[in-house]
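Novice: Give me coordinates for this.
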Amino acid sequence: MNIVIWIVIGIVVCYSLGFAFTLWKENSKIGAFTMIAMAVAIIVSPFFSILR
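Specialist: As a prediction, this is how the structure comes out:
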């Protein structure tokens, strides 16, 4: 089950970072930083909730 969780988290993080890259190229730096912060939160949050 942990493998499935990490695969889903990886897909969401890749999508978020791709969107952050697109925002960066469109000169929306604040939006890009927000998406990067959200991707980091997506990576860290399972350690406090699902994967104890």
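Novice: tell me which residues in stretch 21-32 are buried?
Specialist: By 16 or more other C-beta atoms under 10 Å, the buried positions in stretch 21-32 come out as 23, 32. Bear in mind the C-beta positions are built from the backbone N, C-alpha and C, glycine included.
Novice: Contacts for it next, please.
Specialist: Contact partners of stretch 21-32, identified using C-beta atoms under 8 Å, 6 or more residues apart in numbering, comprise 20, 35.
Novice: Endpoints of that stretch, how far apart?
Specialist: Counting by C-alpha to C-alpha, to the nearest Å, you get 7 Å between the two ends of stretch 21-32.
Novice: so how far is that stretch off the chain centroid?
Specialist: The chain centroid and the centroid of stretch 21-32 are separated by 15 Å under C-alpha atoms, centre = their mean, to the nearest Å.
Novice: Over to Ile3: give its phi and psi.
Specialist: Backbone torsions of Ile3, given as degrees, to the nearest 10, read phi -60, psi -40.
Novice: how near is it to Gly10?
Specialist: 10 Å (C-beta to C-beta, to the nearest Å).
Novice: And for Ile50?
Specialist: In terms of C-beta to C-beta, Ile50 sits 14 Å off from Gly10.
Novice: what sits against the spatially closest residue to Met35 that is not a sequence neighbour?
Specialist: Excluding the flanking residues, the one nearest Met35 by C-beta to C-beta, 6 or more residues apart in numbering is Ala20, at 3.6 Å. Contact analysis of Ala20 by C-beta under 8 Å, 6+ apart lists 31-33, 35-36, 39.
Novice: Check whether the residue most central in space within the chain sits in a helix, strand or coil.
Specialist: With distances taken as C-alpha atoms, centre = their mean, the chain has Ala39 as the residue nearest its mean C-alpha position (2.2 Å). Using DSSP: H, G, I helix; E, B strand; the rest coil as the criterion, the local structure at Ala39 reads helix.
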